[in-house]
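**Q** Need the 3D shape of this:
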Amino acid sequence: MAENIEGQPPPAAKDEYLRSWRLVVVIGSLCLGIFLLGLDMNIIGVAIPRITTDFKSLEDIAWYGSAYLLTITAFQPFFGNLYKYFNAKMVYLVSLVLFEVGSVVCASAQSSSILIFGRAFLGFGAAGLLQGALAIIGYAVRLDKVPLFQGVVVSSLGISVCVGPVLGGVLTDYTTWRWCFWINVPIGGFVVAMILLFVRIRQSSNQVDRSLPLKTKLGNLDFLGTVLFLGAICCLLLVLQWGGQTYPWSDSKCIGLFVGFGLLTVLFCVWQWYRGDRAIIPFRILRKRSIWMGALVLCFLGMSSLVYAYYLPIYFQSVQGVSTTQSGVRFIALVLPQIVGLVIVGAIVSQWGYYVPYMILGVVVTSIGAGLLTKIGISTPTVEWAAYMVINGLGIGMAQQLPYTALQAVLDPIDVATGNAIAVFSYQLGGAIGVAIGQNLLLNKLRITVPKHTSLVSPVDVIAVGATGLAQIAPTPEVLYDLRMAYSEAIRDTFILALAAACFAFPASCGMERLNIKHIAQERLSKQNESDGSEHQGSSKEMEPIVTNRYLDRDPESNVVG
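**A** Numbers count the residues shown, from 1 in each chain. Modelled structure (predicted):
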């Protein structure tokens, strides 16, 4: 008995983590949930031209993406607090159900305004999916195994990036764009059933915060902070989309949005400082070097990644003139290396423990690939652009999951949900900003490059027909070639933006703390075993010697405490 107390965890602790087929089912279900999240982000792009035709709503085209990005970004900290104070399994299920409801609203929408509302509601539900999956992994497996399973789950995002455009094109061409949303319903229902049946959250996980009274939990959710945060992000995304396109940058609307963003951001920061530990983004957590450095890494990688996700298909379809399906197939050259990098680096980190060197290496590799991608044009051979995409994708896959590993290492378990929220928010915010700036760069450059190559078609006509309509307005094959040359030059500016973002991630990755996840896991396990052993011994007749030893440990020179 004494040997078990001193050297082994108590019997109940052995069953705290999932194993064998139950772990496979749970990880598979989480992969499906994240696949749905990524699918919804990538499937809509190819369907938007058909939607604008059905609803006669070309002026709403930007909102179909912005409404989703706005809510999925702004509600990340809110869901982080939900995961902190409530059962992670139930919060994840609620988030998934909200996601399903939003899908039904979008699929059955009879007007553009209802579709925009559905997209915003979809983003609200989606805001809790990724960090929920990361939280459940943290509860389901040992700390040293977290990087491996995080890599497996996050890699399903890469698969969805590849499948989304192809599947969206097929559904839109052969059925209706509404199936881009209906497809979420049966898959999401299956994930809900699997999570309900097989996910088991350890009772010892975050027990202090979860045992608080409901009134205290609701007070800690910080609804005012969420509203201020939502307003600030809304102002930022609006001005990035409108500035220089819908309105001049000097227009009073743009200036007002900049001022509104600044004021709301200041109010939000002051309110967060006043709330202290009850803030949705506590400064106590954000001050940790690995947290804010990791957030910067994810912000810049998200900017770079989503620029490619939105604008490489435009390169394929507008510059190279391939179909939507072919564009999706070509995108595999970027996505497949991401998956390989995610899984391999996750496995290596789980085995070796050090993660910062691979983060730095991944950022360097993706920056090299991003630099090479700025060279592609209308006549670039397949072997070249495909090789550049492979290099870029491999680097992103190596680096983008490791900030999530870092927060597991530097935060106490009760703060991990908040850390996940900060990390996911940073990635989504970077992506939203990158897509908005990229659109601005592309449209403004088209107004310059189109007249440079041909005078037979105006830039207004080129922008109006969209990325796949050049053949409709080109009177001759020669003019069509000129328009594709104009697109090739214009889209290079967006690729330079992606390169700059990847390079900015390098100093942030170098600023991360050099820690070993295996050593930290072993230390925490040892402390848990000691704590469990002390509790058991404290209830025995040997209590007095233990107390004396504890005093001696606290003050080696005397038996007096303090």
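**Q** C-alpha only now, for contacts and for neighbours.
**A** OK.
**Q** quick check: domain ranges of the protein?
**A** What automatic domain parsing lists as the domains of the chain is 14-215, 222-279, 284-515, 517-562.
**Q** for the record, mean pLDDT for the third one?
**A** Looking back up the chat, that one is domain 284-515. Regarding domain 284-515, the rounded mean pLDDT is 88.
**Q** remind me, longest helix of this structure?
**A** In the chain, assigned by DSSP state H, the helix with the most residues is helix 416-453.
**Q** just checking, what packs against that helix?
**A** Applying 3 or more Cα pairs under 8 Å, 6 or more residues apart in numbering; DSSP states H and E, one finds that helix 416-453 makes contact with helix 61-74, helix 76-85, helix 129-140, helix 223-242, helix 289-314, helix 402-410, helix 459-465, helix 477-510.
**Q** Out of these, flag the one nearest residue 342.
**A** Minimum separation from residue 342 across the helices and strands packed on helix 416-453 (Cα to Cα) falls at helix 402-410, 9.1 Å.
**Q** What is that closest one packed up against?
**A** If you count contacts as 3+ Cα pairs under 8 Å, 6+ apart, helix 402-410 packs onto helix 146-174, helix 289-314, helix 416-453, helix 517-538.
**Q** Could you look over the ones you listed and pick the most buried one?
**A** When those are scored by mean count of other Cα atoms under 10 Å, the highest mean neighbour count falls to helix 289-314 (a mean of 26).
**Q** Please compute how far that helix lies from its chain's middle.
**A** How far helix 289-314 lies from its chain's middle: 9 Å, per Cα atoms, centre = their mean, to the nearest Å.
**Q** Assess the claim that residue 301 and residue 502 are in contact.
**A** Yes. Between residue 301 and residue 502 there is a contact at 5.9 Å, judged by Cα atoms under 8 Å.
**Q** any weak-confidence spans in the stretch 101-250 of the chain?
**A** 158, 161-162, 201-210 (pLDDT under 70).
**Q** if you set the cut-off to 80 instead, what comes out?
**A** Low-confidence segments of the stretch 101-250 of the chain, defined by pLDDT under 80, are located at 138-140, 142-148, 150-151, 154-155, 157-166, 168-169, 172-173, 198-222, 237, 241-246.
**Q** Among the helices and strands packed on helix 416-453, which comes closest to residue 252?
**A** Taking Cα to Cα, helix 223-242 is the member of these nearest to residue 252, at 11.0 Å.
**Q** what helices or strands is that closest one leaning on?
**A** Helix 223-242 packs on helix 61-74, helix 252-275, helix 416-453, going by 3+ Cα pairs under 8 Å, 6+ apart.
**Q** Go through those helices and name the closest to residue 334.
**A** Distance to residue 334, taken as Cα to Cα, is lowest for helix 416-453 among the helices and strands packed on helix 223-242, at 16.7 Å.
**Q** now the angle from that closest one to helix 129-140?
**A** 150 degrees (axes from the mean of the first three to the mean of the last three Cα atoms, to 10 degrees).
**Q** returning to that earlier point: would you turn the helices and strands packed on helix 223-242 into TSV with distance to residue 403?
**A** Output for these, formatted as TSV (distance: least, Cα to Cα, whole Å):
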stretch	distance to residue 403
helix 61-74	18
helix 252-275	23
helix 416-453	7
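**Q** of those, which approaches residue 289 most closely?
**A** Nearest of the helices and strands packed on helix 223-242 to residue 289, taken as Cα to Cα: helix 416-453 at 12.2 Å.
**Q** what about residue 310, distance to residue 435?
**A** From residue 310 across to residue 435, the span is 7 Å (Cα to Cα, to the nearest Å).
**Q** same thing with residue 197?
**A** In this structure, residue 197 and residue 435 are 39 Å apart, going by Cα to Cα.
**Q** just residue 407 next, same as before
**A** In terms of Cα to Cα, residue 407 sits 27 Å off from residue 435.
**Q** Quick check: residue 521 touching residue 143?
**A** Yes. The pair residue 521 and residue 143 passes the contact test of Cα under 8 Å, sitting 5.5 Å apart.
**Q** coming back round to it: may I see the helices and strands packed on helix 416-453 organised as TSV, with distance to residue 372 added?
**A** Shown next, in TSV, are these (distance: least, Cα to Cα, whole Å):
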stretch	distance to residue 372
helix 61-74	28
helix 76-85	33
helix 129-140	31
helix 223-242	27
helix 289-314	13
helix 402-410	24
helix 459-465	27
helix 477-510	9
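**Q** Looking at the ones you listed, which is nearest to residue 213?
**A** Closest to residue 213 of these is helix 76-85 (Cα to Cα; 10.0 Å).
**Q** which residues does the nearest residue to residue 355 once chain neighbours are set aside contact?
**A** Leaving aside its sequence neighbours, residue 355 sits nearest to residue 349 (Cα to Cα, 6 or more residues apart in numbering; 5.8 Å). Shown in contact with residue 349 (Cα atoms under 8 Å, 6 or more residues apart in numbering): 147-148, 355, 517.
**Q** Using TSV, lay out those residues together with distance to residue 482.
**A** Shown next, in TSV, are the contacts of residue 349 (distance: Cα to Cα, whole Å):
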residue	distance to residue 482
147	48
148	48
355	48
517	54
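**Q** which of those lies closest to residue 159?
**A** Distance to residue 159 across the contacts of residue 349 (Cα to Cα) is lowest for residue 148, with 17.0 Å.
**Q** Out of the helices and strands packed on helix 223-242, which is closest to residue 291?
**A** Among the helices and strands packed on helix 223-242, helix 416-453 comes nearest to residue 291, with 7.2 Å by Cα to Cα.
**Q** Figure out how far the closest one is from the centre of its chain.
**A** Mean-position distance between helix 416-453 and its chain equals 14 Å (Cα atoms, centre = their mean).
**Q** Kindly calculate the angle that that helix makes with helix 223-242.
**A** Counting by the same axes, to 10 degrees, helix 416-453 points 10 degrees away from the direction of helix 223-242.
**Q** what angle sits between helix 416-453 and helix 402-410?
**A** Going by the same axes, to 10 degrees, helix 416-453 makes 160 degrees with helix 402-410.
**Q** State the distance from residue 504 to residue 301.
**A** From residue 504 across to residue 301, the span is 9 Å (Cα to Cα).
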